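Asks: My questions concern the predicted model and sequence given below.
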Amino acid sequence: LERRSARISKSETSSKDYLAINPKGRVPALTGVDGRAGGPPGLLTEARAIMMFLAKSHPAAGLLPPDLSGEARCIEWLNWISGDLHAVAYSQLWRSHRFVSNPQFHDDVQAKGKQNIRDRYNEIEQVLSDGREWALPSGYSIVDPYLLVFWRWGRIIGLPMEEWPRWSAIMRRVMMRPAVRCAMDQEKLPDMIEAD
Ligand SMILES: N[C@@H](CCC(=O)N[C@@H](CS)C(=O)NCC(=O)O)C(=O)O
């Protein structure tokens, strides 16, 4: 937890070394993908693009529904999480200076961000409460580990995640998957299943 907050507050994404990899100064960033969009050749940015690229380049892993509607449903989730929950709500909380210049209003923007996060979390819980086993009823997909990021961030900002039991149950199952365990071990991420 401390490790993550320290890295965010130090803004390692704005360091010269990192900007040489990704001039946008954001994570995630993947190299080795044909084409270019502003950065060095081969750099791919944007979580949604990277997740689609990884899912489609590893079809045997079955991380994306094979049918058109299923794929559209997947993009629907990714877009909402990335564009609304992340870029609006979490940015209001963690990057309030992007919304208003006057520091006097930063607390207000942050409070609104936290409220927006809670609202989005209620909506996530509602979608997941129809008995489905994973975010997409067709099965495990790239949406589930993406949702895990925001479930863990909820813990980091001190939200009582047990308020969203259906979502929490799915995230526990995501964290039991060997590939997820392996990635979390590599990144030294605690599972945060129990509240502190
Ligand atoms: N639209 C981008 C947003 C990426 C993004 O904002 N990542 C955050 C992760 S906390 C970041 O790198 N923040 C560092 C910063 O804003 O300086 C995506 O979905 O990949």
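Replies: Sure thing, it's come through. All of these numbers come straight from a predicted model, not from anything done at the bench. Residues are numbered from 1 along each chain as shown.
Asks: How about the residues of the chain by the ligand?
Replies: Ser11, Thr13, Ser14, Gly25, Arg26, Val27, Pro28, Glu46, Ala47, Ser82, Ala87, Arg95 (C-beta under 6 Å from any ligand atom). In short, each C-beta sits where N, CA and C put it, glycine included.
Asks: low-confidence ranges in the protein?
Replies: Residues of the chain that meet the criterion pLDDT under 70 lie in 1-10, 194-196.
Asks: now with 50?
Replies: Along the chain, segments meeting pLDDT under 50 span 1-6, 8, 196.
Asks: outside of stretch 97-115, which residues touch it?
Replies: The contact list for stretch 97-115, computed with C-beta atoms under 8 Å, 6 or more residues apart in numbering, reads Val88, Ala89, Tyr90, Ser91, Gln92, Leu93, Trp94, Ser96, Ile157.
Asks: Select only the buried ones of the residues of the chain next to the ligand in PyMOL?
Replies: Under the burial definition 16 or more other C-beta atoms under 10 Å, those of the residues of the chain next to the ligand that qualify are selected in PyMOL by:
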select buried, resi 13+46+47
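Asks: I'd like the contacts of stretch 97-115 laid out as a markdown table, including distance to Gly42.
Replies: Conversion of the contacts of stretch 97-115 to a markdown table gives the following (distance: C-beta to C-beta, whole Å):
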| residue | distance to Gly42 |
| --- | --- |
| Val88 | 30 |
| Ala89 | 32 |
| Tyr90 | 28 |
| Ser91 | 27 |
| Gln92 | 33 |
| Leu93 | 33 |
| Trp94 | 29 |
| Ser96 | 34 |
| Ile157 | 35 |
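Asks: Fine by me, thanks again.
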